[in-house]
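Asks: 3D, please:
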Amino acid sequence: MARSIATKNQHQSDSPVPVDGSSMKREFVPFWGAVFGTLAAFYSLALLYSVVDTSLSSSVFRGGFILAITSMIFMRYPARSNSPRSRPSSVDLFLIVLAFLTFGNFIIDYDNMVWRTGAATTRDIVFAALAIGLVLEASRRAMSPILPLIALVLVLYGYLGAWVPGDLFGHQGFQVRQIAGEVYASMNGIFGFVTHVFIAYVMLFVLMGAVFQAFGAGNFFIGLPVALMGGSRGGAAKASVVSSGLFGSISGSATANVAATGTFTIPLMKRTGYRPQVAAGIEAGASTGGMFLPPVMGAGAFLMAEMLQVPYVEIIKVALVPALLYFVAVLMMVHFEAVGTGIKPIPAEERRQVRDVLREGWFYLFPLVVLFGALFTGRTASYAAFLAIISFLLFMFVKMLFERRPREFFRLLIKALIEGGEKSLMVGSAAAPVGIIVSMVLLTGLGFKFAAILINLSHSELWLALILVMIGTIILGMGMTVTADYLILAVLAVPALGELGAPLLAAHMAVFWFSQSSNVTPPVCMAAFAGAGIAQANPYSSGFHAMRFSAYLYIMPFMFVYTPVLMPEGFNMDVLHTWIGLLIATVPFAAAATGYLFGRISVVERILMLLCAIGLSIPDWRFSALGLAGLLLLAFLFSNRQKKYTPVSSEGRT
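Replies: Take a look at the predicted model:
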């Protein structure tokens, strides 16, 4: 069973759309497919067990995770394009043996290493060098060379600091023993808090998403929005926005989200009149929004909670309203685009009744209720995910038992466990390199130096510092995951933003949102590229349309910093006023972004609409009143202008 599923999954992943490195995965022969499937399934079971057995030591917990991830990566991902594609090479098997020796030594000898902190032995140094090489090579295979290269440069920087010219970046340098102790022989570096967050929280939510998908939740999360919104103008795109938001809120990857939902929504958008590049852009923008829509919000949100030392539910509370505003803005842009270009609703024969969809799939909402209920009653995020997974599986077992399909339940369960393990590889491969980067930044004091540089470059202006951080996230995002992108700049840039007056939580949220921009910002915008592959559209044109529909992604971080009541600690009239103003502001903002309201509007009129949106976004009654009055006046003038507007077909625009 494990063999057939692992082999089948590989066939599915070798699609023309390069999603999360799947084009580099091996297509196993049956024997190695069975071996890998068994390892992945046991890994997923171990994740669930780790939630229940709290007696596991940190060395076993973290060392075992790194061992499992690196071993499966060496098995699944070839070293080079000419490496064997159906089985691991002899070099891969040798690296797996080295991983068992290296990380097994950490698990067994950790207590002794703690006693000799600061006095690493030659053996510790050798194993530290092996560990660094293994985790960086695993990350290179599963993602790209950029993140491992940054980690390696920082390790060398830690050692060669005395040779670095200038007082700003130069430092006294650290001995090999000190670096080995920091990176390997301690609960910092490879086995630090980053690894802890990944295994304790992130991987459980990855597994939860895999379980939901294996049992058909994806079809429900697509079918329900189609039934709800398909009958309106631009219904296909609106359904895409909502389904991508729902699916993305539990998937944790914008690119994978596009591949999962876009295969249905993008062809549907094209059939109703959207140009291929516009359909790809809408899907990419909506899927990216799912990355900051609770409950999951990707790995970065868990890391944020850990760094801020607050319960994860507090991150959910402050993230919910901004995320909903983002989706309202995207829906408004989609609606105006549809009205202006004459896009039709989804044909009645292609959509179902809402009651029929709910009757057949209501139980997919049950685990989300369990998840939110557990979080808001004080449970940890890991235990909440565990409860959601187990309750859903128990329900599905009873349901399929009554339907006389018990064998199918176990087949889908094994499939979910294997997919959960496999989907952990790319995400998990970032944990150790990022841990190395964080430990070297803290050891060398580079974070304080970077903060000084950022403050100097921005001339102590917070708005300019935010722009520089945004540029930095886009550049870093070209070669690494958004999680690594966020964490590196959270360590380097957040202290500077704090010194310039930004509240700490607002600064983290700003960097977190900015880090998602690499999904939709050319030249490297993987979510848009994935959508373009499905839509058979120009990738860069799709990327620019994705930027347009994701415009709030670049604006909201400034509002986090300059509008504190957007993320309040309590609720009062000022908070309500701000939320209502921002909600109304999505209308003129969408009109300005698309160039349509009741008809096509000119450049000057778009600027006026943008000014109305800005006025409504300022948490001051006077500006809000001016913005609202301006919006109502412009809407009245546009709807009554003498010049009759004739809709232009979507194909006629470029």
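
Asks: where does the stretch 451-600 of the chain have low pLDDT?
Replies: Scanning the stretch 451-600 of the chain for pLDDT under 70 picks out the ranges 568-570.

Asks: quick one, phi/psi of Arg405?
Replies: phi -130, psi 50 (degrees, to the nearest 10).

Asks: again but with Arg600, I slipped
Replies: The phi/psi pair for Arg600 (degrees, to the nearest 10) is phi -70, psi 140.

Asks: That one touches Gly340, doesn't it?
Replies: Yes. The pair Arg600 and Gly340 qualifies as a contact (C-beta atoms under 8 Å) at a distance of 6.1 Å. C-betas here are computed from N, CA, C, even on glycine.

Asks: What sits closest to Leu67 if chain neighbours are left out?
Replies: Counting by C-beta to C-beta, 6 or more residues apart in numbering, Leu67 lies nearest to Phe103, which is 3.9 Å off, once chain neighbours are set aside.

Asks: same deal with Arg606?
Replies: Ala592 (4.5 Å).

Asks: burial of Phe31, as a residue count?
Replies: By other C-beta atoms under 10 Å, 11 other residues sit near Phe31.

Asks: which element is it on?
Replies: Element membership for Phe31, per DSSP states H and E: helix 30-52.

Asks: Of all the residues in that helix, which ones are buried?
Replies: 32-44, 46-48, 50-51 (16 or more other C-beta atoms under 10 Å).

Asks: which strands and helices sit next to it?
Replies: helix 2-13, helix 58-76, helix 203-214, helix 381-402, helix 406-428 (3 or more C-beta pairs under 8 Å, 6 or more residues apart in numbering; DSSP states H and E).

Asks: what about Leu610, neighbour count?
Replies: 16.

Asks: show me what contacts it?
Replies: By C-beta atoms under 8 Å, 6 or more residues apart in numbering, the contact list for Leu610 reads 588-589, 592.

Asks: Recalculate using a threshold of 6 Å.
Replies: Ala592 (C-beta atoms under 6 Å, 6 or more residues apart in numbering).

Asks: quick one, domains of the protein?
Replies: With domains defined by automatic domain parsing, the chain comprises 2-144, 196-267+306-311+331-429, 568-654.

Asks: so which of the ones you listed is the most packed in?
Replies: Burial of those is given as mean neighbour count (mean count of other C-beta atoms under 10 Å); domain 196-267+306-311+331-429 ranks first at a mean of 21.

Asks: Let me see the mean pLDDT of that one.
Replies: The average pLDDT within domain 196-267+306-311+331-429 is 88.

Asks: That one: end-to-end distance?
Replies: 13 Å (C-alpha to C-alpha, to the nearest Å).

Asks: what helices or strands is the longest helix seen in the chain leaning on?
Replies: The residue-count maximum for a helix in the chain (DSSP state H) belongs to helix 312-341. Contacts defined by 3 or more C-beta pairs under 6 Å, 6 or more residues apart in numbering; DSSP states H and E place helix 312-341 against helix 235-251, helix 276-289, helix 298-308, helix 551-562, helix 573-594.

Asks: what distance separates the following helix or strand past that helix from the middle of the whole chain?
Replies: Going down the chain from helix 312-341, the next helix or strand is helix 354-361, by DSSP H and E. Centroid separation between helix 354-361 and its chain, computed with C-alpha atoms, centre = their mean, to the nearest Å, is 29 Å.

Asks: Which neighbouring elements make contact with helix 354-361?
Replies: By 3+ C-beta pairs under 6 Å, 6+ apart, helix 354-361 packs against helix 217-229.

Asks: what angle do the helix it packs on and helix 354-361 make?
Replies: 170 degrees (axes from the mean of the first three to the mean of the last three C-alpha atoms, to 10 degrees).

Asks: Distance from the longest helix of the chain to the middle of the chain?
Replies: With C-alpha atoms, centre = their mean, you get 16 Å for helix 312-341.

Asks: can you check stretch 352-363 too?
Replies: 29 Å.
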